[in-house]
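S.K.: Dropping a prediction and its sequence here:
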Amino acid sequence: LPAPNSLPLLPADLEIGCLPDLETLTQLLTEQLVVTRTAEGRQEAAIESAASHAVAAGVWGNRLDARQDVINQMLSEPQAQPQLPALSGLISALMRGDFGPASLFKAYLEAGSVTPSQPQLAGLRQAAAQLETPAAVGASFPALLGPLVGLGLLSSRQIYQQTLAVEGRRWGGRLPPMGPTTITAKAALAAVELADFHRQLAGHIPQEGDANVGPGGPVASASSSYEEGPDGVQQWGAAEWPRGVPRRCNWRWRGALTDYCVVEPASPRPRAPPLVLVHGFGAFCDQWRFNLAPLAEAGYTVYAPTLPGFGRSEKAALQYSQNAWRDFIRDFIVSVVGAPAVLAGNSIGGYICTSTAADYPCLVSGLVLINSAGAISPGCTAADVEAAAAAPKKAPPPWLVRLATFGLMAYLQNSIAKQLKWLYPTNPANADAWLQKEIYRAACDSRSADVFASVFYLPKPRPLNYMIAELWKGPTAVVQGVLDPLNDALGRARQLAEICPDLQVWELQAGHCPHDEVPEQVNAALLEFAEQVMSREGQHGATSSNNAIQRTPPSERVAVAAELTS
């Protein structure tokens, strides 16, 4: 649009002021951070207001210091990335204005083929090479340029146009018929197309006439508008959303849009911890459709996140592993939930919850394993775990991984209904058409095959019993569908009970996903266990004695999210 000839005059009584400089902006953005560090000895100084600190102390109790250690680790992780030394000078030059984001992106496109046009941008070649691995194809773009896209310094249209222009010049004015030929060009186009698809998917409200909308169907979002809150959480009508009714929200994690369901109780229970429900491999948050509202009706705030790479969450170019998903749950508790939570996970979700409780016990009040994945190794010690992690692991050739992934994906996509009914032996009716269709839809998303291929590159997992008995050492429940066709579920549950102290078992006549197959029985077990956790917390004084568990102040969660973004 053409610029207007003149701008309207400002009111006479308005004090215009001046634009803040970088130092002032930095101060404004950091004054709400949880802590600041000095150069000497990482000395921490509280910068919260007295009221915010009082609320945080009431929520976290004697876990407050440990929680702060977790946040410090979250803030320091980006500084440990191997590509950072190569980019340190690049970032400084960008901030000085030596070149703009467009020049940086152009150099990124050239990094895989020719010498960048500007010598100071040559560090991109090394950084991109470090990030592009068979386990994370395309990871260089979100890692190197994702922040510029997130800040609006590079637009999707700009990325698309400039990529096609560079590719056209490389091929004499014509685009190759099979698409971009360089790794960086492929990564750039795939990233913006995937991000745009998931933005639109996030704004979709299930309408009447969609498959199985209603009981047993998807959890609805509050609005089709797409507006992120300052802490990265979609605020879709949250203030007006009725309590007791599940709603769908989105949260951006490491640049990727993720999906979660939440329901606030109409009548909150005194001192009730939030419940976080984590799905298994290939599933998503809506699989807890029969658990969300009943658990909230009992007075609990309930969250069900969709892990990155599954369901409606973005399948971004990340190196997916049990450790990455553990970090996602950790960050979700700190940034979204805002209080110590009872974690309940099914299949690999149970293993991820166990890893979170083992490595970050201050974030967890209780642990529930629902037909959890993970090896059981009686007598396993820390030395055994360290030796296993240090042992070399040779990954299969990429072509073999692609071939195996293609074959397995094709087989599973064409047998979803059969596989689900096999996993739901006592109530196959709950393996309904909507569940089948949504699993198939997610499997057809771009890069879903890359997430599936990640299983070939997973690091050596720690035994389940070692993490529970030696690291977590907290209240644990096993809710086991003993008819699980994937393994000896009954034997696994009883073996865990024998070798792990403070663990109790509920044996249910169900298959691999009892929370969706016999939800009433699982809900009853979860509520009984949560009651025990509340009683224990009250005895040990781990949380406040207020009438209800509060969330960490929003200003603090926004500050943490802002620091992670920067």
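M.R.: Happy to help now that I have it. Residues are numbered from 1 along each chain as shown.
S.K.: contacts, neighbours, all on C-alpha from now
M.R.: Noted.
S.K.: Which strand or helix spans A410?
M.R.: Per DSSP states H and E, A410 falls inside helix 398-413.
S.K.: in the next helix or strand after that helix, what's buried?
M.R.: As assigned by DSSP H and E, the chain's next helix or strand after helix 398-413 is helix 416-423. In terms of neighbour count (16 or more other Cα atoms under 10 Å), helix 416-423 has its buried residues at 416-417, 420-423.
S.K.: Which residues are in contact with G173?
M.R.: Counting by Cα atoms under 8 Å, 6 or more residues apart in numbering, G173 touches no other residue.
S.K.: where do the strands sit along the stretch 301-450 of the chain?
M.R.: 302-305, 341-347, 364-372 (DSSP state E, counting those that start in this stretch).
S.K.: Would you mind giving these as TSV with mean neighbour count, distance to W251 and mean pLDDT added?
M.R.: Shown next, in TSV, are these (neighbours: other Cα atoms under 10 Å; distance: least, Cα to Cα, whole Å; pLDDT from 0 to 100):
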stretch	mean neighbour count	distance to W251	mean pLDDT
strand 302-305	27	9	96
strand 341-347	26	18	96
strand 364-372	28	20	96
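S.K.: mean confidence for the helix holding A410?
M.R.: Mean pLDDT, helix 398-413: 84.
S.K.: what about P396, how many neighbours?
M.R.: 11 (other Cα atoms under 10 Å).
S.K.: Kindly report the same for V451.
M.R.: For V451, using other Cα under 10 Å, the count is 23.
S.K.: next one: I499
M.R.: 17.
S.K.: The one 3 residues further on too?
M.R.: One way to gauge burial is a neighbour count; for D502, by other Cα under 10 Å, it gives 13.
S.K.: List the contacts of A185.
M.R.: So A185 contacts 109, 163, 167 (Cα under 8 Å, 6+ apart).
S.K.: In contact with the first one, which residues?
M.R.: Remark: with contacts taken as Cα under 8 Å, 6+ apart, L109 is in contact with 163, 166, 184-185.
S.K.: rerun that using 7 Å as the cut-off
M.R.: Neighbouring residues of L109 by Cα atoms under 7 Å, 6 or more residues apart in numbering: 184-185.
S.K.: Going along the chain, name the helices of the stretch 401-550 of the chain.
M.R.: Applying DSSP state H, counting those that start in this stretch to the stretch 401-550 of the chain gives helices spanning 416-423, 433-443, 448-453, 464-466, 489-499, 514-517, 519-540.
S.K.: now the angle from the first one to helix 433-443?
M.R.: This points to helix 416-423. 120 degrees (axes from the mean of the first three to the mean of the last three Cα atoms, to 10 degrees).
S.K.: now do the last one
M.R.: Orientation note: helix 519-540 sits at an angle of 70 degrees relative to helix 433-443 (the same axes, to 10 degrees).
S.K.: picking up where we left off before, return the set of buried residues in the helix holding A410.
M.R.: 401, 405, 409, 413.
S.K.: Kindly report the same for stretch 446-462.
M.R.: 447-454, 457-458, 461-462.
S.K.: Just the buried positions in the helix or strand hosting R169, please.
M.R.: Element membership for R169 (DSSP H and E) is helix 156-170. Using 16+ other Cα under 10 Å as the test for burial, helix 156-170 gives 156, 159-160, 162-164, 166-167.
S.K.: where's the helix or strand following that helix relative to the chain centroid, distance-wise?
M.R.: Using DSSP H and E, the helix or strand that follows helix 156-170 in sequence is helix 183-202. Centroid displacement of helix 183-202 relative to its chain, using Cα atoms, centre = their mean, to the nearest Å, is 18 Å.
S.K.: Quick one: distance of the helix or strand following helix 183-202 to the chain centre.
M.R.: Where DSSP H and E defines the elements, the next helix or strand beyond helix 183-202 is strand 247-253. Remark: strand 247-253 is offset 10 Å from the chain centroid, using Cα atoms, centre = their mean.
S.K.: next structured bit after strand 247-253?
M.R.: strand 256-263.
S.K.: So for stretch 1-20, mean pLDDT?
M.R.: On average, stretch 1-20 scores 76.
S.K.: neighbouring contacts of that stretch?
M.R.: Residues contacting stretch 1-20 (Cα under 7 Å, 6+ apart): none.
S.K.: Quick one: end-to-end length of that stretch, please.
M.R.: The first and last residues of stretch 1-20 sit 29 Å apart, counting by Cα to Cα, to the nearest Å.
S.K.: per-residue pLDDT, Q81?
M.R.: So Q81 comes in at 62 (pLDDT).
S.K.: coming back round to it: in JSON lines, list the buried residues of helix 156-170 along with distance to Q480.
M.R.: Shown next, in JSON lines, are these (distance: Cα to Cα, whole Å):
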{"residue": "S156", "distance to Q480": "46"}
{"residue": "I159", "distance to Q480": "49"}
{"residue": "Y160", "distance to Q480": "49"}
{"residue": "Q162", "distance to Q480": "53"}
{"residue": "T163", "distance to Q480": "51"}
{"residue": "L164", "distance to Q480": "53"}
{"residue": "V166", "distance to Q480": "56"}
{"residue": "E167", "distance to Q480": "54"}
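S.K.: Would you reformat the residues you listed as a markdown table and include distance to L490 and pLDDT?
M.R.: A markdown table is the format used below for the buried residues of helix 156-170 (distance: Cα to Cα, whole Å; pLDDT from 0 to 100):
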| residue | distance to L490 | pLDDT |
| --- | --- | --- |
| S156 | 51 | 88 |
| I159 | 53 | 91 |
| Y160 | 53 | 89 |
| Q162 | 58 | 89 |
| T163 | 55 | 89 |
| L164 | 57 | 87 |
| V166 | 59 | 86 |
| E167 | 57 | 85 |
